[in-house]
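**Q** Give me coordinates for this.
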Amino acid sequence: MYYLCRNMCDKIVRKRGIYHKVVRFALILVMIKAINITVSGQSGKTGVLEWRFSDETLYISGNGGMQEYHYDYDTPWMAYRDSIVNVVIEEGVLSVGDHAFYGCENLKFVTLSNTVTSIGKKSFGECVNLVNIYADAVTNIGDRAFSYCFGLATVTIPKTIIQMGEDVFQKCYKLMEINVDEANTVYSSIDGVLFNKDKTRLIRYPEGKEGKIYLVPSSVKIIGDYAFCECGLEKVVISEPSIDAYRKSGGWKELTNIKAIE
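**A** Okay, the predicted model is just below:
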């Protein structure tokens, strides 16, 4: 480190003499300090919280909510984004901010403490290798929070969830099941398909679910916008009165890959 900095300083200070030797030595000390800060700078603050990156794991700690980030490059751990494999949100943290981990392509596992109740919009978007997330106390999930998470095969909505935004699992092409804890008071599922609690509204058919034909339950009166978007179905059987409501939804226009609706 010393010789590297000395060579750099020699290009700046080339004149001889005690004065210039002192200047050169001072510059070396400044450069060493700056380099050390960069190398050891794997921790810091983000709003009222603190973060630390170590051994492929990003830890978020403190008391309070995480700040919202307008873009993924606003995050203070941006320099380590491609090296993050695990995220651990510790007790005391109340929320995951918008775009907090967007584009962390090597992120596989996320553990949220029981104090985290909110996941912001696109917070885990494009985490293409994400395979699991533990979030037993979350009540709200923002728009497209897990969009483009190609590694997700199954997800379980815990009993605590009372609000989910739009297209939470958009373009999760390998997602085969969206299961819901039976104790949840707002949402439910049948064979991995997401509904509201009384099953009068079909919210999302997983894009990776196997099968070519799907019979919509007779209890369904509303089919959500883009509920079947990007799925591999060839035929959807819909009974009255849900078919009229479905034709009014935005999803109707997205069903170019579905060959028949009865």
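**Q** This protein: helices as residue ranges?
**A** Using DSSP state H, the helices of the chain run over 2-12, 18-40, 242-247.
**Q** quick one: contacts for the nearest residue to Gly97 once chain neighbours are set aside?
**A** Sequence neighbours aside, Met66 is the residue nearest to Gly97 in space, at 3.9 Å (criterion: CB to CB, 6 or more residues apart in numbering). The way it works is simple: take the backbone N, C-alpha and C, and place the C-beta from them, glycine included. Going by CB atoms under 8 Å, 6 or more residues apart in numbering, Met66 touches Thr46, Gly47, Leu49, Ile60, Val93, Leu94, Ser95, Val96, Gly97, Ala100, Gly120.
**Q** Are any of those residues buried, and if so which?
**A** Thr46, Leu49, Ile60, Val93, Leu94, Ser95, Val96, Gly97, Ala100, Gly120 (16 or more other CB atoms under 10 Å).
**Q** Just the pLDDT for Gly232.
**A** Per-residue pLDDT puts Gly232 at 85.
**Q** right, and it touches Lys212 too?
**A** Yes. Applying CB atoms under 8 Å as the test, Gly232 and Lys212 come out as touching, 7.2 Å apart.
**Q** before we move on, back to that, Tyr134: which of the contacts of Met66 is nearest?
**A** Val96 (12.7 Å; CB to CB).
**Q** Including distance to Val128 and pLDDT, could the contacts of Met66 go into JSON lines?
**A** Shown next, in JSON lines, are the contacts of Met66 (distance: CB to CB, whole Å; pLDDT from 0 to 100):
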{"residue": "Thr46", "distance to Val128": "24", "pLDDT": "93"}
{"residue": "Gly47", "distance to Val128": "27", "pLDDT": "93"}
{"residue": "Leu49", "distance to Val128": "26", "pLDDT": "97"}
{"residue": "Ile60", "distance to Val128": "21", "pLDDT": "98"}
{"residue": "Val93", "distance to Val128": "25", "pLDDT": "98"}
{"residue": "Leu94", "distance to Val128": "27", "pLDDT": "98"}
{"residue": "Ser95", "distance to Val128": "24", "pLDDT": "98"}
{"residue": "Val96", "distance to Val128": "18", "pLDDT": "97"}
{"residue": "Gly97", "distance to Val128": "20", "pLDDT": "96"}
{"residue": "Ala100", "distance to Val128": "16", "pLDDT": "97"}
{"residue": "Gly120", "distance to Val128": "19", "pLDDT": "97"}
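**Q** Just to be sure, which of those are found in strands?
**A** If you go by DSSP state E, those have Thr46, Leu49, Ile60, Val93, Leu94, Ser95, Val96 in strands.
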